[in-house]
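>>> Provide a 3D model corresponding to the input given below.
(chains A, B, C and D, ligands or ions: 4)
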Amino acid sequence: MTVESTAARKPRRSSGTKRATGKTAAAATQSAEPQLVQLLTPEGERVADATSAEFAPYVADITADDLRGLYRDMVLTRRFDAEATALQRQGELGLWASLLGQEAAQIGSGRALRDDDYVFPTYREHGVAWCRGVDPTNLLGMFRGVNHGGWDPNGNNFHLYTIVIGSQTLHATGYAMGITKDGADSAVIAYFGDGASSQGDVNEAFTFSAVYNAPVVFFCQNNQWAISEPTERQTRVPLYQRASGFGFPGIRVDGNDVLACLAVTRWALERARNGEGPTLVEAFTYRMGAHTTSDDPTKYRRDEERAAWEHKDPIERLKTHLLASGGADEEFFAALEAESETLGKRVREAVRAMPDPDTMAIFENVYADGHALVDEERAQFAAYLASFEEGN
Amino acid sequence: MTVESTAARKPRRSSGTKRATGKTAAAATQSAEPQLVQLLTPEGERVADATSAEFAPYVADITADDLRGLYRDMVLTRRFDAEATALQRQGELGLWASLLGQEAAQIGSGRALRDDDYVFPTYREHGVAWCRGVDPTNLLGMFRGVNHGGWDPNGNNFHLYTIVIGSQTLHATGYAMGITKDGADSAVIAYFGDGASSQGDVNEAFTFSAVYNAPVVFFCQNNQWAISEPTERQTRVPLYQRASGFGFPGIRVDGNDVLACLAVTRWALERARNGEGPTLVEAFTYRMGAHTTSDDPTKYRRDEERAAWEHKDPIERLKTHLLASGGADEEFFAALEAESETLGKRVREAVRAMPDPDTMAIFENVYADGHALVDEERAQFAAYLASFEEGN
Amino acid sequence: MAIEKMSIAKALNESLRKALDTDPKVLIMGEDVGKLGGVFRITDGLQKDFGEDRVIDTPLAESGIVGTAIGLALRGYRPVVEIQFDGFVFPAYDQIVTQLAKMHARALGKVKMPVVVRIPYGGAIGAVEHHSESPEALFAHVAGLKVVSPSNASDAYWMMQQAIQSDDPVIFFEPKRRYWDKGEVDTEAIPGELHKARVAREGSDLTLAAYGPMVKLCLEAAAAAAEEGKSVEVVDLRSMSPVDFDGVQASVEKTRRLVVVHEAPVFLGVGSEIAARITERCFYHLEAPVLRVGGFHTPYPPARLEDEYLPGLDRVLDAVDRSLAY
Amino acid sequence: MAIEKMSIAKALNESLRKALDTDPKVLIMGEDVGKLGGVFRITDGLQKDFGEDRVIDTPLAESGIVGTAIGLALRGYRPVVEIQFDGFVFPAYDQIVTQLAKMHARALGKVKMPVVVRIPYGGAIGAVEHHSESPEALFAHVAGLKVVSPSNASDAYWMMQQAIQSDDPVIFFEPKRRYWDKGEVDTEAIPGELHKARVAREGSDLTLAAYGPMVKLCLEAAAAAAEEGKSVEVVDLRSMSPVDFDGVQASVEKTRRLVVVHEAPVFLGVGSEIAARITERCFYHLEAPVLRVGGFHTPYPPARLEDEYLPGLDRVLDAVDRSLAY
Ligand SMILES: Cc1ncc(C[n+]2csc(CCOP(=O)(O)OP(=O)(O)O)c2C)c(N)n1
Ligand SMILES: Cc1ncc(C[n+]2csc(CCOP(=O)(O)OP(=O)(O)O)c2C)c(N)n1
Ligand SMILES: [Mg+2]
Ligand SMILES: [Mg+2]
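Ligands and ions are numbered 1, 2, ... in the order given. Next up is the predicted model:
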């Protein structure tokens, strides 16, 4: 049969059509609910089905120490995130995009990376930044309005945040093409959201990466929402399925399961390093908070939905597991709590101490090699400003 | 297994990677050579396999008279096309984009349409235009340089040619969304090429049409080439597979088999009318000529490739079938030959008689409601021109 | 009572509501325009009242939004498209300049493109990158588009009505920093022409020409200048394509001095065209070269620098002084 | 012997070849740039000699081409991207103005964007729609980009060398109607600065400023004017961002009259900025307003009308006369 799958879901309610559903000549329907790679249940138990057996080897080396490390990463990331939200409320930041609920997806994937791999984030990858060793206070500059991205991308192989939805997937693909040209075995990971999957650029990135067999992992955090739009405004089939039509594998992983995210990302990165090209990972997760501090989710989503996801909390799940398996004791959690406090304090102080940029910075770094007009405007503006200082 | 298919083809030779192909944790590989819906073999014989049995009902009503009609459409289209190519060589046209070899894809799909359906063509759909009743000489205006598209799109529900690759797929989707809003059961067909499949717009059209369940058929004529680039520069898996990841069916049809194209398009249109949303049809065909009259295919493709496709000629195939089945006699072919000559003559004469547009047409139809600047420039230019006429 | 005091945001909302109400072919499309009512709440309540078929949340793809709006227009609809922020219009730029702008001409007038593209634009809201840009020149340069921007609630209401009624594509730039400024709207008045400038304040020594968010600033500057005995006329251009050069010329022939103010970068901004053309039209009238106040040839800076970057009272008054000094 | 007579097309080809040869980080990317050598054969033979890894046929997606070029630049490569025709650059416009132009500033200088975007542009080749446009103003308005256009073979060769060596993104507009015009190229000369204007012909009565395809026309106009006893100076701008205003000013201070000529529409074209700024700089020198000759505010017309639409000798001379009549 040459006919590809049809929609797993019914046509949307609002499509306005009153027509009957006629018989199709041919329609191979995919399973309605896609499977999820999961290694740790919401109750903190290790999964032992066939799928997990396939991916478990990718985390076979993970010791209790590593698990505590992952837990620590998630806790500190969440703490940093909460601090930033608070700082926004206090007027220290203009905006904040919280990752609340997405810690496992970010730490799991982030910890799968090697130092020489390269990350292309959206604006929400604070957990990945943490894994890369980017000082969290550096992330706050753009939200405070003192810069558009304060860190050196090459310092930690962590690119600047990209706000325009989807653009970075092409940069990631190009970077990955460069890795291939260099004969290196590094890989690239490109983060994007469920909403972003609709952008032309993202689909062009799929095409380019497939055609050039680029070593890139497309890591989609499907947090169910693009601001106020649920995922069915973007697609009527599960997003991981998008990849197959471009000729590379797509896989859905429990985005609230840090172990599964680690395993699946390692697998995808291994493919990249082995010259097998791109992979799409859909981390199925949930945006527990508002889209950003400017957003008001009560306008568009029900409290019950959020409540249902509380139960799948990525941090609680690992905590339960650590406790049950004896991987960590109360001392560990207490020490971590203290460390969190210290981090919060450091972030708070660093933000408050962050100086406003110098006015003339407006004219800096517009060009690498200079530009006569910028020079002219800089000089004119300096003279204009000076005219006040001279008490003109 | 949650992993979607991997590439059917090997990484391209030129990807520059020296890495070994490592084992993948999971990879469900699709069959290497996709099946093709075919109802008529290159030898003109009716196919009777399972796939054809599925689609044969869609052409069960086709009489010998209808077959002769399809044959006539293809022959006249080819004749018109040849005439246009000749007219370009004679300097009457600035450019021509020949459809040579793609007659079956265009006539088969074009004849599947109802009058109230709407067509969004590329720049090569001369055969579809023919089916819609657009006077072929109207198509020549833009290639002669007297206009950018001379016909009334609503006259025959045949939109203007779109030159910018892929743009029209979104227009088609929007139009189809409008049909749904109107509660009508018309459908839309959007033509595009294999090269176009890489454009972001085309993939956005897939997303929008799926999300809104729009009654649109995406008809991709994969003629193996995008100017000098073979299809593997655009995708590493068969193009029809692209659809499944967007949640609607894709199907590959023998694009040189007019009956199969008719059947498959009817099926896809029926789906649209029945409220089942979009379908992607990949008509697997071949561009027998150059990309356009400006192109020189000897720079990039081997003669043997073209020669191999001669044997699959869409017109010869139907002729053989008509002769073998007694569906047409020599008289029919002779009469058609005469009709072709007449058409050629008419086109030739019409083009040569086509007047150059009036200079002041530059300023016409820029805006529907007028624009002060255009008015000012028109007046100034008229005065400027008049200054010469007064023997200034 | 048809006269009501309302914010620009409310005026736009009311105007869209009226359009949806009176013409069943009018549609609203965009990201988050439905339940959320748009990130600025300009479409607040409209989906609730007119349904998901008329007020359409779209996939997150601007080219797709404009491209499908074109198709809907071909089918007889009149889509009003929202681009969430100025900096996000560029993925749709190809569809706007290559298709939307040219379709009517390409079809020799046989199809029309009654599409409005709403773009909240400009700075001064303390936002992150891409949320504060003023790209109007990039649209005004393109034939086939009309480009307008209201500066007050009444214009917001009426210009939106007229834009939707227009059979041409209109790029409708909404001065987002002024969304909450209130003004009187007479919903039964007979509006002025969409593309005519308006003298917002009369004066005799110098003309300040502006549009959108800068009109208020220019009025403040004129008031400040008045205290120093300078009589400044303020012309609200309202339309950047076409520009009402006759209106500007009339003012400049009176005042003999012109300063154009916009947030967009000066280099190749709308002010450059006004300077060039008014100089040509008023060569013997001008006592000073047309001066321009606007953004620098730099990316829009981080929020903590925007007050310095944006034209403010001092910079406008400085230009007024420089002009008067000729 | 380093001096050779060659066409602009050949000069570009040689320049690209030299760049590929001397810097292993240089890449060529675009549609049909490989075996075909591009539809204008500018990259002819390069893939054969440098391989598919250096001269890359891309999928048919302009945003993807520029977007991946940005990624390659981040990895240390220096991509030279071909856009097949002017009218097809718009799908890449978002990546160009939002990413390519702003990345260096966004990173506070920590990354560089040495990407050249080659665009064959302009009309007069009898082509169908979208193949004859002059969109340079839409790039020059955007901070972070440099925009240049050569008018002759020597500049084609050297400006391409310099554009590739530049650490900033350069939009390189190639005057396609002049591809086959020949001129001498000294491949060992020390080139002038990339962004400096050049006096192409000296004169004293009036300055014609142009770039790309219009320089030749202006030289012809100057020759024709000379026969009527008018001494016209021709300035080849070469760069539209930055514009060498000092160079133009120097000429205008001498001649006191300026006419700017380009194919692009006059309204908000590069000429508007030159008129505005030169008027400001030379207010007391100018005997006449700066006049502009260019395209109309209409879509580029069908080929049979392009001779009328495009600035030709008569229209330039008419503007010269009008200026001199002041
Ligand atoms: C091109 C573009 N259009 C619109 C926006 C405004 N916007 C910012 S985030 C967002 C939703 C993104 O949703 P998703 O991709 O799911 O990522 P999430 O925010 O959920 O992590 C939108 C519409 C943007 N940043 N860029
Ligand atoms: C956006 C855009 N980029 C480039 C071109 C130049 N161009 C015209 S046709 C073509 C190849 C199209 O290939 P395909 O989609 O396979 O259609 P075909 O010509 O084979 O029918 C190209 C690159 C264009 N018209 N539009
Ligand atoms: Mg999301
Ligand atoms: Mg093709």
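
>>> assign C:His285 to helix, strand or coil.
coil (DSSP: H, G, I helix; E, B strand; the rest coil).

>>> that one - how many residues pack around it?
16 (other C-beta atoms under 10 Å in any protein chain shown). In this view, the C-beta of every residue, glycine as well, is placed from N, C-alpha and C.

>>> surely it touches C:Ser251?
No - judged on C-beta atoms under 8 Å, C:His285 makes no contact with C:Ser251 at a distance of 10.8 Å.

>>> list the contacts of C:Asp314.
By C-beta atoms under 8 Å, 6 or more residues apart in numbering or on different chains, the contact set of C:Asp314 is A:Phe388.

>>> for A:Gly155, same thing?
Applying C-beta under 8 Å, 6+ apart to A:Gly155 gives the contacts A:Val134.

>>> and for A:Tyr71?
Taking C-beta under 8 Å, 6+ apart as the contact definition, A:Tyr71 lies against A:Ile315, A:Leu318, A:Lys319, A:Leu322, A:Ala328, A:Leu336.

>>> and the residue of the stretch 1-150 of chain A nearest ligand 3?
Nearest to ligand 3 in the stretch 1-150 of chain A, going by C-beta to the ion, is A:Arg124, at a distance of 8.7 Å.

>>> so which helix or strand takes in the closest residue to that residue other than its chain neighbours?
Spatial nearest neighbour of A:Arg124, excluding adjacent residues (C-beta to C-beta, 6 or more residues apart in numbering or on different chains): A:Ala97 at 4.9 Å. When elements are assigned from DSSP states H and E, A:Ala97 belongs to no helix and no strand.

>>> hang on, A:Ala97 packs against A:Gly289?
No - using C-beta under 8 Å, A:Ala97 makes no contact with A:Gly289, being 9.1 Å away.

>>> neighbour count winner among those two?
Set A:Ala97 next to A:Gly289 and count neighbours by other C-beta under 10 Å: A:Ala97 wins out with 25 against 21.

>>> now the more buried one: phi and psi?
Per-residue torsions, A:Ala97: phi -110, psi 100 (degrees, to the nearest 10).

>>> what sits against it?
When contacts are counted by C-beta under 8 Å, 6+ apart, A:Ala97 is found next to A:Tyr123, A:Arg124, A:Phe143, A:His291, A:Thr292, A:Thr293.

>>> tell me the secondary structure for the first one?
Recorded secondary structure, A:Tyr123: coil (three-state DSSP).

>>> that one against A:Leu160, yeah?
No - A:Tyr123 lies out of contact with A:Leu160 (C-beta under 8 Å); the separation is 9.7 Å.

>>> what does the stretch 101-250 of chain A put close to chain D?
Neighbours of chain D within the stretch 101-250 of chain A, by C-beta under 8 Å from any C-beta of the partner chain: A:147-154, A:159-160, A:162, A:164, A:167, A:169-179, A:181-182, A:200-201, A:204-205, A:207-208, A:211.

>>> then the stretch 51-200 of chain C?
C:87, C:90-91, C:93-94, C:97-98, C:101-102, C:105-106, C:129-130, C:137-138, C:140-141, C:143-144.

>>> go with 6 Å
The stretch 51-200 of chain C comes close to chain D at residues C:90-91, C:93-94, C:97-98, C:102, C:105, C:137-138, C:140-141, C:143, as judged by C-beta under 6 Å from any C-beta of the partner chain.

>>> how does the chain divide into domains?
Unless you meant another one, I'm taking chain A. Per the record, chain A has its domains at A:29-352, A:359-391, by automatic domain parsing.

>>> actually chain C
Taken from automatic domain parsing, chain C resolves into C:3-186, C:198-325.

>>> can I get those domains in a markdown table with distance to ligand 2 and mean pLDDT?
Shown next, in a markdown table, are the domains of chain C (distance: least, C-beta to the nearest ligand atom, whole Å; pLDDT from 0 to 100):
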| stretch | distance to ligand 2 | mean pLDDT |
| --- | --- | --- |
| domain C:3-186 | 8 | 98 |
| domain C:198-325 | 25 | 98 |
